[in-house]
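Engineer: here is a sequence with its predicted model. Questions after.
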Amino acid sequence: MNKQLYAYFLVLLSGLPGISAAQALATATVELREVDQTYPAEAVVEAVRQSTMAAQVQGRVIEARFDAGARVRAGEVLMRLDEREAAQGQAGAQAQLANARAARERNKNLLAQKFISQSAFDKAEADYQIAAASAGQAGTLTSFATIHAPFAGMVAQRHSELGEMAGPGKALITVFDPKSLRVVASIPQHKLAEVRQALRARVEFPETGKWVDASRVEILPTADTQTHVIKARVYLPDNLQGILPGMFVRAHFVTGKAKKLLLPAGAVLRRGELTGVYVMDDRAVPRLRQVRLGEPQAGGDIEVLAGLAAGETVALDPVKAGIALKQNK
């Protein structure tokens, strides 16, 4: 019998005469199990590939095609700057190049007829090379007025708006790849040796209760000189849905094995400063008992530090258990 059908069957039983609500409660047994011993650390999600494009020439923003949240293809035009000044410089450089090319050809013919010296021709050749380099540089500056996406991804932020003046170094737009994400956490110096033993981690998303196994853990080779903590990069599986850079998460680094007393997290009742569970007594009546809990575990369980013993039975739904307790009074 599947869980949904079983729960429906219990609801039907609770409505029948002679069957109490306590007897219809879904329960679970508190177990002592060997699980991974972990060190939890607060962390932040970041993109593995993220790029902020900045202006390399001066000009006014004349086109801004995408805003934050838009998806872009690799090489797609994101923004355009007014390139008239750069274009004029390129035109002037091309004119100088044409003049230098013509002078070089004239001096080449004169050198062949022994009318000029080799040094005179060398100067004409050098002038041509300088003009060619200047023309190439001017063309490159003109191309800088068009901002292209360096890779396929999503726009994280647009730093400049239409009509604003951009100068060299001014940030224009930030793009990241949402397919490849990682978590960055700080590990204290005294925990580094334990973390390095396994180099495994799980990432907890507290708001949703979701747990994800890391695909790779990377410890950076330097420590902060003031806090003496080491940065760790925990890489997430590709194409995770609903995960964005900047989100708060918790990284659980595996440091060994330990036996822990566990119960389902859904059985815990939290009311202000009270943390408790409904424990079934010898007559199958739920009794509220205060407990002290530890760290949450992957799979929806939570560690019990005090208040329960292995083998005791707890109600999985504390609200229904409270109703059942009132009915038995």
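Structural biologist: Everything's here; your move.
Engineer: in what helix or strand does the nearest residue to Met247 once chain neighbours are set aside lie?
Structural biologist: Closest residue to Met247 apart from its sequence neighbours, by CB to CB, 6 or more residues apart in numbering: Val45 at 4.5 Å. Yep, even glycine has a C-beta here, placed from its N, CA and C like the rest. Using DSSP states H and E, Val45 sits within strand 31-47.
Engineer: note down every partner strand of that strand and its orientation.
Structural biologist: strand 181-188 (antiparallel), strand 248-264 (antiparallel) (DSSP bridges).
Engineer: circling back: what's opposite the residue nearest to Met247 in the beta bridge?
Structural biologist: Applying DSSP bridges, one finds that Val45 bridges with Val183.
Engineer: care to break the chain down by domain?
Structural biologist: Following automatic domain parsing, the chain resolves into domains at 18-33+259-327, 40-49+178-258, 53-80+146-176, 83-144.
Engineer: in terms of mean pLDDT, which of those domains ranks lowest?
Structural biologist: For these, mean pLDDT drops lowest on domain 83-144, to a mean of 75.
Engineer: first-to-last residue distance for that one?
Structural biologist: End-to-end distance of domain 83-144 (CA to CA, to the nearest Å): 9 Å.
Engineer: kindly reformat the domains of the chain as JSON lines containing mean neighbour count.
Structural biologist: Below are those laid out as JSON lines (neighbours: other CB atoms under 10 Å):
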{"stretch": "domain 18-33+259-327", "mean neighbour count": "16"}
{"stretch": "domain 40-49+178-258", "mean neighbour count": "16"}
{"stretch": "domain 53-80+146-176", "mean neighbour count": "16"}
{"stretch": "domain 83-144", "mean neighbour count": "15"}
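Engineer: how about the helices in the stretch 101-250 of the chain?
Structural biologist: Under the criterion DSSP state H, counting those that start in this stretch, helices of the stretch 101-250 of the chain are mapped to 118-143, 192-198.
Engineer: with distance to Val285 as extra columns, can I get the ones you listed in a markdown table?
Structural biologist: Output for the helices of the stretch 101-250 of the chain, formatted as a markdown table (distance: least, CB to CB, whole Å):
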| stretch | distance to Val285 |
| --- | --- |
| helix 118-143 | 79 |
| helix 192-198 | 44 |
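Engineer: quick one: closest of those helices to Leu274.
Structural biologist: Across the helices of the stretch 101-250 of the chain, Leu274 has its closest neighbour in helix 192-198 (33.9 Å, CB to CB).
Engineer: now what about the closest one, what contacts it?
Structural biologist: Residues outside helix 192-198 that contact it (CB atoms under 8 Å, 6 or more residues apart in numbering): 39, 187, 217, 219, 230, 232, 253-256.
Engineer: what about the spatially closest residue to Ala145 that is not a sequence neighbour, distance to Ala149?
Structural biologist: Spatial nearest neighbour of Ala145, excluding adjacent residues (CB to CB, 6+ apart): Glu83 at 3.6 Å. Going from Glu83 to Ala149 by CB to CB, to the nearest Å gives 19 Å.
Engineer: go on, Ser117?
Structural biologist: 54 Å.
Engineer: equivalent analysis for Val155, please.
Structural biologist: Distance, Val155 to Ala149, by CB to CB: 9 Å.
Engineer: and Val35, by the same measure?
Structural biologist: 44 Å.
Engineer: with adjacent residues omitted, what lies nearest to His228?
Structural biologist: In space, and not counting its chain neighbours, His228 is closest to Gln189: 4.9 Å by CB to CB, 6+ apart.
Engineer: how about the one you found, what does it touch?
Structural biologist: Gln189 neighbours (CB under 8 Å, 6+ apart): 223, 228-230.
Engineer: okay, those residues in CSV with distance to Pro168 next?
Structural biologist: Below are those laid out as CSV (distance: CB to CB, whole Å):
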residue, distance to Pro168
Ala223, 35
His228, 38
Val229, 36
Ile230, 36
